[in-house]
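Novice: got a sequence here, can you build the structure:
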Amino acid sequence: MRLTDAIENAQKEICEKYGTAYYPSSPGMKVGIALNGWDGTTPINGLRHPPEGDTTGWYIWTGEELSADPDFFEPLHVRHLDGWWPEVQKYLALPPGWRFLVSGNYEDVWYDESLLNV
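Specialist: Predicted coordinates:
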């Protein structure tokens with residue numbers, strides 16, 4: 001299964017906008033997703049560690065706080081994000097070390113080298 005052209009183009013635009021390499025997340029790989037956001041809580045946060053095994057390295061959650069609870073994140077295939085948080089898909093080609101925070105029309109994307117040291 002491959003990404004739709006629209007998603008792939010949006011991802012390439014984000015990478016170009018922030019001057020970084022295009023590093024796509026395969027639809028068959030997994031992200032760590034927090035179940036705290038299904039109620040519409042914002043902002044939506046994402047960070048990417050280096051991929052390992054069948055995971056993309058992405059962790060996505062909502063709200064102001066990142067929980068330390070070891071069960072905070074659940075695995076979800078990238079292809080299933082379309083039904084949950086389609087607005088985050090355009091960020092999933094940012095390479096390891098990148099983060100995003102979005103809320104409505106607000107977008108903040110930045111590089112955080114500390115994410116590479118897991």
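Novice: which helix or strand in the chain has the lowest average pLDDT?
Specialist: helix 81-84 (a mean of 76; mean pLDDT, DSSP states H and E).
Novice: by contact count, what packs against it?
Specialist: strand 30-34 (3 or more C-beta pairs under 8 Å, 6 or more residues apart in numbering; DSSP states H and E). C-beta coordinates here come from the backbone N, C-alpha and C atoms, glycine included.
Novice: for this protein, what's the longest helix?
Specialist: helix 5-17 (DSSP state H).
Novice: touching that one from outside, list them.
Specialist: 2-3, 21-24, 89-94, 109 (C-beta atoms under 8 Å, 6 or more residues apart in numbering).
Novice: over to stretch 35-53?
Specialist: Taking C-beta under 8 Å, 6+ apart as the rule, stretch 35-53 contacts 29, 56-64, 66-67, 72, 74, 84-85, 87-88, 91-92, 94-104, 106, 112, 115-116, 118.
Novice: of the contacts of helix 5-17, which belong to strands?
Specialist: Val109 (DSSP state E).
Novice: mind giving me the PyMOL select for the contacts of helix 5-17, buried ones only?
Specialist: To isolate the buried subset of the contacts of helix 5-17 in PyMOL, counting by 16 or more other C-beta atoms under 10 Å, use the following:
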select buried, resi 3+23+24+89+90+91+92+93+94+109
